[in-house]
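# need a 3D model of the sequence below.
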Amino acid sequence: MRAGIEATLSQNVRVHGPRRSRYRGLAKTHVQHVFTGMACNITRVADWISDTPRARRRATCFRALCTALGIA
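Take a look at the predicted model:
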């Protein structure tokens, strides 16, 4: 669960850069964060609709061992 949240935060920081606010004031900063979240979600939906193939993760050592032994 935490890994998914961390990945989302990391994506927002890398792509949209919310570390520093463009605006002064809590209300304007909040609006910036809301729009940043919306931009992240729109990007994800666009990737999901276009069926962009994702890179497969490499198998862990444990998974490779289980596969070699015919367990999984």
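# in the helix or strand hosting N41, what counts as buried?
Using DSSP states H and E, N41 sits within helix 26-49. In terms of neighbour count (16 or more other CB atoms under 10 Å), helix 26-49 has its buried residues at 36, 40. Every residue, glycine included, has its C-beta placed from N, CA and C.
# what residues does stretch 20-28 touch?
29, 31-32 (CB atoms under 8 Å, 6 or more residues apart in numbering).
# do that again at 6 Å, thanks
For stretch 20-28, the external contacting residues (CB atoms under 6 Å, 6 or more residues apart in numbering) are 29, 32.
# can you give me the end-to-end distance of that stretch?
End-to-end distance of stretch 20-28 (CA to CA, to the nearest Å): 12 Å.
# what's the answer for stretch 56-67, then?
End-to-end distance for stretch 56-67: 16 Å, by CA to CA.
# where in the chain is pLDDT low?
Across the chain, the ranges flagged by pLDDT under 70 are 1, 52-53.
# same thing but 50
Of all residues in the chain, none has pLDDT under 50.
# SS state for Y23?
coil (DSSP: H, G, I helix; E, B strand; the rest coil).
# ok, now how distant is it from R2?
30 Å (CB to CB, to the nearest Å).
# which one's more surrounded, the two?
Y23 (11 against 6; other CB atoms under 10 Å).
# C-terminal to the helix holding N41, what's the next element?
helix 61-69.
# pull the residues that contact that next one.
Contacts for helix 61-69 (CB under 6 Å, 6+ apart): A72.
# can you give me how far it is from the chain middle?
28 Å (CA atoms, centre = their mean, to the nearest Å).
# do the same with stretch 6-21
9 Å.
# now the terminal residues of that stretch, how far apart.
End to end - CA to CA - stretch 6-21 spans 20 Å.
# how about it: buried residues?
12, 16, 18.
# now do the SS call for the spatially most central residue of the chain.
Geometric centre of the chain, nearest residue: T8, 3.4 Å, by CA atoms, centre = their mean. What three-state DSSP gives for T8 is helix.
# quick one: contacts for A39?
H16.
# cool, thanks, signing off.
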